[in-house]
Every structure is written in C-alpha cells, then in structure tokens.
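S.K.: Sharing a sequence plus its predicted fold:
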2 protein chains.
Amino acid sequence: MSDLFTPAAFADPNSGPLYLQLHRRIAEAIAAGDLRPGDSLPSEREMAALTGLSRVTVRKGVEALVASGQLVQKRGSGTFVAPQVERLEQALSLLTSFTEDMQRRGMQVESRWLARGLHTPAPEEVMALGLGANDRVARLERVRSSDGVPLAIERASLPARLLPDPETVDASLYAVLEARGNRPVRAVQRISAANLGPKDADLLGVATGAAGLRIERLSYLPSGQVVEFTRSLYRGDAYDFAVELKLAPEAERTS
Amino acid sequence: MSDLFTPAAFADPNSGPLYLQLHRRIAEAIAAGDLRPGDSLPSEREMAALTGLSRVTVRKGVEALVASGQLVQKRGSGTFVAPQVERLEQALSLLTSFTEDMQRRGMQVESRWLARGLHTPAPEEVMALGLGANDRVARLERVRSSDGVPLAIERASLPARLLPDPETVDASLYAVLEARGNRPVRAVQRISAANLGPKDADLLGVATGAAGLRIERLSYLPSGQVVEFTRSLYRGDAYDFAVELKLAPEAERTS
DNA sequence: CAGTGGTCTAGACCACGGT
DNA sequence: CCGTGGTCTAGACCACTGA
C-alpha cells in the first residue's frame, strides 16, 4: 500500500478532478484488498503532503467513501477502513416483529426510546389510521440496536383505542398487541431509499448523507381496521431484505 | 422567502456548525413551502454575501440538499428547488419485466445499452448461475429510462446456453426468453440501499452520493435452473416498491 | 501534550449557460 | 460576454483522543 499516495500520476493530464482521482485510488485499493478492514490511512495532512494536494481536496476525495461507509473517521484518532459489517438478511414477505426476528437469530436486541406517549395526531396519521376528529394517537419512537450496533429507527403510530397505554410497551410492540388480541395479520409496505439527514444519521451512527432504506408499513387487523402506521429507517449498509417473486399471471398482465 | 438568508441568527451562540444552520434553514423553507419546486435560490456568491459566510461554507450547507435530490444545481445557470419527482410504485412480489410494467402504465420506455455480448464469466457469475468451467455468459447492461428520465441501471447475466445471441435483445429481455421457452417463473430478490458512486450517479442523472436502491435478483426456470442474475440500481427518489405481508405462521416462528 | 479530524475563511481559475 | 457552479489552494482555529 506504500505507493498509493505517491504523487506521480496526479500530474493532471485530463484524468478528471484531482479529488476523484484520489477517491478512485483509495476505492480500488480497498476493492483489491490492498487496504483491509481495520487498516488505518495516513492522516489527512499526511495524505495532502504525500500527494501534493491541499487538505481540502484530500477531504473531498475521502468524503464519499465515508458517506458510503467504506471508511470511518474518528476525530482525534484517524481514518480507517471500515470493519466488515455483517449484513442481516430478512424475509420481507412475512410479518414479523423486529424483536422476535432477532431473538430467533440468537442476537441481543436493545431499544432506546426517543418518545413514547399519547398525542394529538398529525394530518398524516389521521389519513393513515383513519382517525376521527377527537381520536388520539399513540406514538412509539425508538432506535433499534443489536449487539450494540444501531440498525434502525422506528416511528410507529397507533390509534389510542388499540393501545391506550403506550408506556407499557417494552421490547416487542407486537407482543403487547397480541396480549390485547390486536395482533395484525396483514400489512402493506412501501420501500424506497433516501439519504439520511444529519439527525437520523447521528442516531444510526453513520455519516450524514449515508443511504438508508425507508420502509412505510400499514398493518391491519382481520377486520380490516388499521392497527399500526410505521415509518422506519434502516441502515443501508447493514440490512438486506429478501423477497420471493412469482410470475405475474397472464390474466393480470393483459388488462 | 426574502429573509431566509438575512444573517441575523448566524451570530453563532451554540446552534452548531454554520453550514448545518444554513442547511436547516433551506430544508425548512422547502418543507414549509416557502420555497417551491422550480424556484431558484440566490447564487452561491450571493448567499455567501447575504449570510456573511464564505462561499465554501455555503456550498457545504447546500451539498447535502443536492445529494438528497431536494436541490438541483446547474453550472452556468443556478441553484433550484428540485421539481417534484413523481414516484413510481411497483409491486415487488410479482415477477414482471420493466418494459411490460411501464407499457402497462402507458409510459414511454427507452433503453440505452452500455454493453451487450458474450463474455468469460466473473467468479461472482459462475457462483450465481452455476456455470461450468468452460461456459460463457451473456451480459446485458443498460440504463432504463421512462419519458426521458433515467430510472435504473440494470446489469443482467445469463448462461450463454440460454441466450446465445444477446445482441437480439431489444426492449424486453423476458419477451426474448419467452420466445425461446425460457421465461422464468420464480425469482428471489435481495434489496438494500447504497450511495451511488460517481459513475452510476452520472448514468442516472443524480448527484454523486445520492441514495439508490440496489436489487439483486436470481430468476429460475420451472426446472430449478437459474436463468438470470441481475443487479439493478434504482434511483431512490423515483421508486417505491410495494410488498404485501402476511403473518408468519406459528409453525415457522418457533423453530 | 501532540496529533487527529471538523469547521471556516479569502481568494483564485476553470468550464459551461444563456444573452 | 458575464454570471453560474465546479475545483483547488494555503492557512487558521477548534474539539477531541490517546499516550
């Protein structure tokens, strides 16, 4: 890895911006295994000196690698190749709870509560839950971690009628619902990707702008009543959702 | 929107870094509707002058908004609030083709080919497709657009035995497979989120670092033979995948 | 305490867009 | 042509880490 930063090829014919050249060099060194997880890079000032670039340019070159989770920077300490994050795979077509899911894998689950109580519903919640004018809403907002690593932010809203005492929810929301005979049997999810804002990124312990999976879920009782409206943000680098597909039947494809 | 940049509150008690304060101000103005899609912001130099910040700091404040697609910057022209991107919703549990899916919505579909031909397989492809030592692989790599807007990058690999003439694929891969009696009936997908690298971001017409949905798919024939190994990148801001969930049966939850 | 990343500045040149 | 965003520099101070 010694000559990674030897300036040489930074003699800029037309290989594009300097910070992109640096970005590419480091990314390739990681991909090739010349830089291994846990390895430390030279300090920004050193890299600047070695390459002949300014520190600002070095930072810009490193920036995208930090955002995408390939590098980790620690103030006062240094810049390191990110440790391998073991991706968790989760079946997307079964309605399971986070807690149950993790326990089945033998993993430790922790929840840090950000909010938990009864509130006046926001318009979005009124729509999603089909609330009336005077109904109230139970809100559960927490960071889900496994073995000390934060994995997801979960913001759940339920009609207060179905969960009048949100403070009693400890680990598994579904366990509480089940005890009250209100466990959902069906749900619809919408999945998309979004860059994490400063606040959410901080909660998940990743860099601002890192990619996250945004999942919106509506869960239903057998009666068709909506139980739960949940918006979650999963760390994009730590989660894989798996789905099984079947061929669309001809009948539906010709309409 | 006039006093958005009046410096006032940039008198830095301890409201955090200046670029984050600027970021927050703009994000809130967009959320509140004070800045509407298509509106133009002052030039970076103007914002710097108005706020009393340096241009570098202004750029840093704007950066994350651009990466997440809320702002669009055009060199030589200016900085604008991004037009509303109409999100496409797609059912994730049906095995449909991009082409058929879009045509059913009455949308124009274009493909720009990046590569199309027979190659010696990469190790990853050997594994996924279950190839032998001397098998070759058909690669189809293209950018999928609808109404002129690039939506996804699709990189498909198939055993050459099932698609000896990849050059004949025009719009729909599945149509060609069906003609040969090789249309898949089942598939498994894995979904995650990732920041787009400079190259892919450019192909999709978004900023480097924007969040993308990464989907890996393995499709099978009725015989169990793998037909297709496809890695796709969808624009995170333009796509919503929908899934319906059912309650996990007790039998499976207790193992 | 010395060294690290995090923030910020003032100024410069370039490539491109629209007039 | 002028104004825009895109790149780049040299230097500064801060908050934090680790010895």
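M.R.: Received it, and whenever you're ready, just let me know what you need. Numbering: from 1, shown residues only, chains lettered A, B, ... in the order given.
S.K.: Please give the element, helix or strand, for the residue nearest to A:Ala171 when sequence neighbours are not counted.
M.R.: Spatial nearest neighbour of A:Ala171, chain neighbours left out: A:Thr99 (5.0 Å); criterion: C-beta to C-beta, 6 or more residues apart in numbering or on different chains. In this view, the C-beta of every residue, glycine as well, is placed from N, C-alpha and C. In this assignment (DSSP states H and E), A:Thr99 forms part of helix A:98-104.
S.K.: Give me the helices and strands touching that helix, please.
M.R.: Judged by 3 or more C-beta pairs under 8 Å, 6 or more residues apart in numbering or on different chains; DSSP states H and E, helix A:98-104 is in contact with strand A:109-119, helix A:173-179.
S.K.: May I have the host helix or strand of A:Val126 as PDB, with CA atoms only?
M.R.: Assigned by DSSP H and E, A:Val126 belongs to helix A:123-129. C-alpha atoms of helix A:123-129 as PDB (Å, rounded to 0.1, in the frame of the first residue of the first chain):
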ATOM      1  CA  PRO A 123     -52.700  15.000   9.500                       C
ATOM      2  CA  GLU A 124     -50.600  12.200   8.000                       C
ATOM      3  CA  GLU A 125     -51.600  10.000  10.900                       C
ATOM      4  CA  VAL A 126     -55.300  10.800  10.600                       C
ATOM      5  CA  MET A 127     -55.200   9.800   7.000                       C
ATOM      6  CA  ALA A 128     -53.200   6.600   7.500                       C
ATOM      7  CA  LEU A 129     -55.000   5.300  10.600                       C
END
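S.K.: Tell me how many other residues crowd the residue in the stretch 51-200 of chain A positioned nearest to DNA strand D.
M.R.: Across the stretch 51-200 of chain A, no residue is closer to DNA strand D than A:Gly76, which sits at 2.2 Å (C-beta to the nearest atom of the strand). Using other C-beta atoms under 10 Å in any protein chain shown, A:Gly76 has 4 other residues around it.
S.K.: now A:Gly33
M.R.: 8.
S.K.: Please apply the same query to A:Val109.
M.R.: 18.
S.K.: which residues sit in contact with it?
M.R.: Shown in contact with A:Val109 (C-beta atoms under 8 Å, 6 or more residues apart in numbering or on different chains): A:Phe98, A:Thr99, A:Met102, A:Gln103, A:Arg144, A:Ser145, A:Ser146, A:Ala171.
S.K.: Same check on A:Glu125?
M.R.: Residues near A:Glu125 by C-beta under 8 Å, 6+ apart: A:Leu131, A:Val137, A:Ser157, A:Phe229.
S.K.: What of A:Leu218?
M.R.: A:Leu218 sits in contact with A:Ala128, A:Ala187, A:Val188, A:Gln189, A:Val226, A:Glu228, A:Phe229, where contact means C-beta under 8 Å, 6+ apart.
S.K.: Could you pull out the buried residues of the helix holding A:Thr99?
M.R.: For helix A:98-104, the neighbour count (16 or more other C-beta atoms under 10 Å in any protein chain shown) marks A:Phe98, A:Thr99, A:Asp101, A:Met102 as buried.
S.K.: With adjacent residues omitted, what lies nearest to the last one?
M.R.: The reference is to A:Met102. Per C-beta to C-beta, 6+ apart, closest to A:Met102 is A:Val109, 4.5 Å.
S.K.: Quickly list what the one you found is bridged to.
M.R.: A:Ser146 (DSSP bridges).
S.K.: how near is it to B:Leu94?
M.R.: Distance check for A:Val109 against B:Leu94: by C-beta to C-beta, to the nearest Å, it reads 33 Å.
S.K.: How about A:Arg136?
M.R.: Relative to B:Leu94, and taking C-beta to C-beta, A:Arg136 is found at 38 Å.
S.K.: residue contacts, the closest residue to A:Phe98 other than its chain neighbours?
M.R.: Leaving aside its chain neighbours, A:Phe98 sits nearest to A:Arg144 (5.5 Å; criterion: C-beta to C-beta, 6+ apart). Counting by C-beta under 8 Å, 6+ apart, A:Arg144 touches A:Phe98, A:Val109, A:Glu110, A:Ser111, A:Pro150, A:Leu151, A:Ala152, A:Ile153, A:Glu154.
S.K.: Assign A:Arg144 to helix, strand or coil.
M.R.: strand (DSSP: H, G, I helix; E, B strand; the rest coil).
S.K.: and the helix ranked longest in chain A, does that touch DNA strand D?
M.R.: Longest helix in chain A, counting residues (DSSP state H): helix A:18-32. Yes. Helix A:18-32 is in contact with DNA strand D by C-beta under 7 Å from any atom of the strand, via A:Leu18, A:Tyr19, A:Leu20.
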